[in-house]
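Asks: here is my input, please return the structure:
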Amino acid sequence: MAKLDFNTADVAVVMGVTRRTVQLWLAGKNPVPTSVDIVLHAIFEGLLSIEWVEDRLVKSLQIA
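Replies: Residues are numbered from 1 along each chain as shown. Reported below is the predicted structural model:
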């Protein structure tokens, strides 16, 4: 998160979760899902663009 200069709201939007969920991860109350770790690392390493991830999230919400 810090390497990407993301705050809790940024991560919540990108991962499709609530800010509270991110806060629980950061506090160590809940483990960070492997998928979240993978996506954030892929964004940081330039393998995924933030725009692509957000677009996929929007599309998945339209289907649901």
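Asks: same question for whichever helix in the chain runs longest, mean pLDDT?
Replies: Using DSSP state H, we find that the single longest helix of the chain is helix 50-63. Confidence over helix 50-63, taken as the mean pLDDT, stands at 82.
Asks: what packs against that helix?
Replies: Other elements packing on helix 50-63 under the criterion 3 or more C-beta pairs under 8 Å, 6 or more residues apart in numbering; DSSP states H and E are helix 8-15, helix 34-44. In this view, the C-beta of every residue, glycine as well, is placed from N, C-alpha and C.
Asks: just checking, what packs against the first one?
Replies: In other words, helix 8-15. So helix 8-15, by 3+ C-beta pairs under 8 Å, 6+ apart, packs with helix 19-26, helix 34-44, helix 50-63.
Asks: so the longest helix of the chain versus helix 8-15, what angle?
Replies: Counting by axes from the mean of the first three to the mean of the last three C-alpha atoms, to 10 degrees, helix 50-63 lies at 60 degrees to helix 8-15.
Asks: what residue lies at the spatial centre of the chain?
Replies: Computing the C-alpha centroid of the chain and ranking residues by C-alpha atoms, centre = their mean puts Met15 first, at 3.2 Å.
Asks: residues touching that residue, list them.
Replies: Listed by C-beta atoms under 8 Å, 6 or more residues apart in numbering, the contact set of Met15 reads Val22, Val36, Val39.
Asks: what residues of the lowest-mean-pLDDT helix or strand in the chain count as buried?
Replies: Lowest on mean pLDDT, DSSP states H and E among the helices and strands of the chain sits helix 50-63, with a mean of 82. The neighbour-count check on helix 50-63 (16 or more other C-beta atoms under 10 Å) flags Val53 as buried.
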